[in-house]
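*Asks:* requesting a structural model of the entry that follows:
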Amino acid sequence: MREFEQRKVERDKIEKILEAGRWAPSAKNRQPWKFIVIENKNTIRKIAECTIYKFVADVPLLIAVFLDKSEMVDRTKDVQAIGACIQNMLLAAHSLGLGSCWIGEILRRKEDVNRILDVPDDLELMAVIAIGYPVKKKRTSKRKSLSEIAYREKFGIPWR
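*Replies:* Take a look at the predicted model:
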């Protein structure tokens, strides 16, 4: 989803998206995430300069998702928890009639993003989520078939 209407996302919808992220599972329930909600157009444009995706400059809402290293239990588990958190947020956005895009490519410039958002050193950028009302048009997406990715009992035994 990379085309958004220039329509503000309502505060109650933003809060529902944050709540969905907050309720993701995490190791020892440490909840190692922090969120920064970004609605200011100047800040959005600065963040957009940190990614190759030009559409980011025109989105109405960004949510930066960080790993709070002071809450870490195990890096792998905590990064997995952040992934679950982000997925919850994407699903919540969809359920509210919004479109979203998980932007991971921006991590190559995470120090710049941290500087723009005045983030302390113990927070590590994991992704930025672009959110807004989708431009109405037909969309398609392809996925591999289950026969290409799922197996029965052992690798190599086809699911079907």
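
*Asks:* ok, the closest residue in space to residue 96 that isn't next to it in sequence - how many residues close by?
*Replies:* In space, and not counting its chain neighbours, residue 96 is closest to residue 13: 4.9 Å by C-beta to C-beta, 6 or more residues apart in numbering. C-beta here means a position set from N, CA and C on the backbone, and glycine is covered the same way. The local packing of residue 13 (other C-beta atoms under 10 Å) involves 19 other residues.

*Asks:* dump the residue contacts of residue 13.
*Replies:* 93, 96, 98 (C-beta atoms under 8 Å, 6 or more residues apart in numbering).

*Asks:* same list (these) but as a markdown table, adding pLDDT.
*Replies:* Converted to a markdown table, these look like this (pLDDT from 0 to 100):
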| residue | pLDDT |
| --- | --- |
| 93 | 98 |
| 96 | 98 |
| 98 | 97 |
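
*Asks:* most neighbours of all these, which one?
*Replies:* Highest neighbour count within those, by other C-beta under 10 Å: residue 93, with 27 neighbours.

*Asks:* just say helix, strand or coil for that one.
*Replies:* helix (DSSP: H, G, I helix; E, B strand; the rest coil).

*Asks:* tell me how far it lies from residue 132.
*Replies:* Separation of residue 93 from residue 132 (C-beta to C-beta, to the nearest Å): 9 Å.

*Asks:* any common contacting residues for the two?
*Replies:* With C-beta under 8 Å, 6+ apart, residue 93 and residue 132 have common neighbours residue 99.
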